[in-house]
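>>> below: sequence and its predicted model.
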Amino acid sequence: MNSKTINCRINGANYQLNVSPAMPLSDVLRAQGFLSIKQGCCVGECGACTVLVDGTAIDSCLYLAVWAHGKTIRTSEGESLHGKPSAIQQAFAESGAVQCGFCTPGFIMATSALLAKPRSQPMTVLQIRQGLAGNLCRCTGYQMIVDAVRKCDAGSSH
């Protein structure tokens, strides 16, 4: 296959990448050293590879890298601020929402997208569960993840 050149921003830095037309974004990001992107199911079922593309949470295993041309991508590595955990990352750690850690980067990115949506009041538990429904965890039982999101939601202005 012929490779294509794409230009995109990843975690604030410009990249020019040669990609195969059929290559998933998850493979390209991991090849660039963004190892927070986990290869879970590779069919868009688990959310372990969730990243933000222009602010929207997507399963990077289903998103072709060529579609990223001209886009802004943020991975879990891009969540930290000046080398310190973001409020979301800190809330996950403090709430015990991080156990084996495999799903955590995807949940953090899905949470980031969920909290960025405009709303006039804090989210209900049901809204949080629905908002994170595309991400699976085998360790936490989800309540600690919901607690982490509620903590961040309570700290944001609505």
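Sure, I can see it. It should be emphasised that the depicted structure is a prediction, and the values quoted were computed from it without experimental measurement. Residues are numbered from 1 along each chain as shown.

>>> wait, isn't residue 113 in contact with residue 52?
Yes. Counting by CB atoms under 8 Å, residue 52 is a contact partner of residue 113 at 5.8 Å. Quick note: C-beta positions are derived from backbone N, CA and C, even for glycine.

>>> leaving out chain neighbours, which residue sits closest to residue 26?
Spatial nearest neighbour of residue 26, excluding adjacent residues (CB to CB, 6 or more residues apart in numbering): residue 60 at 4.0 Å.

>>> what about that neighbour, neighbour count?
Neighbours of residue 60 under the rule other CB atoms under 10 Å: 31.

>>> select the helix or strand of the protein having the lowest average pLDDT value.
helix 143-155 (a mean of 93; mean pLDDT, DSSP states H and E).

>>> any idea whether the one residue sitting closest to the centre of the chain is helix, strand or coil?
The centre of the chain sits closest to residue 109, judged by CA atoms, centre = their mean, with a distance of 2.6 Å. Assigned with DSSP: H, G, I helix; E, B strand; the rest coil, residue 109 falls in the helix class.

>>> that one: what's it in contact with?
50-52, 57, 74-76, 79 (CB atoms under 8 Å, 6 or more residues apart in numbering).

>>> now, which of these lie within strands?
Per DSSP state E, strands hold the following members of the contacts of residue 109: 50-52, 57, 74.

>>> let me know the closest of the residues you listed to residue 43.
Closest approach to residue 43 among the ones in strands among the contacts of residue 109 (CB to CB): residue 50, at 13.8 Å.

>>> please list all residues in contact with the closest one.
57-60, 105-107, 109-110, 134-135.

>>> in the protein, where is pLDDT below threshold?
For the chain, the stretches with pLDDT under 70 are 1, 157-158.

>>> ok so, going back, max pairwise distance over the contacts of residue 109: which two?
Farthest-apart pair in those is 57 and 79; separation 12.6 Å (CB to CB).

>>> residues shared between the contacts of the two?
109, 112.

>>> which one of those two has more residues nearby?
Shown here are residue 57 and residue 79; by other CB under 10 Å, residue 57 has more neighbours (23 against 20).
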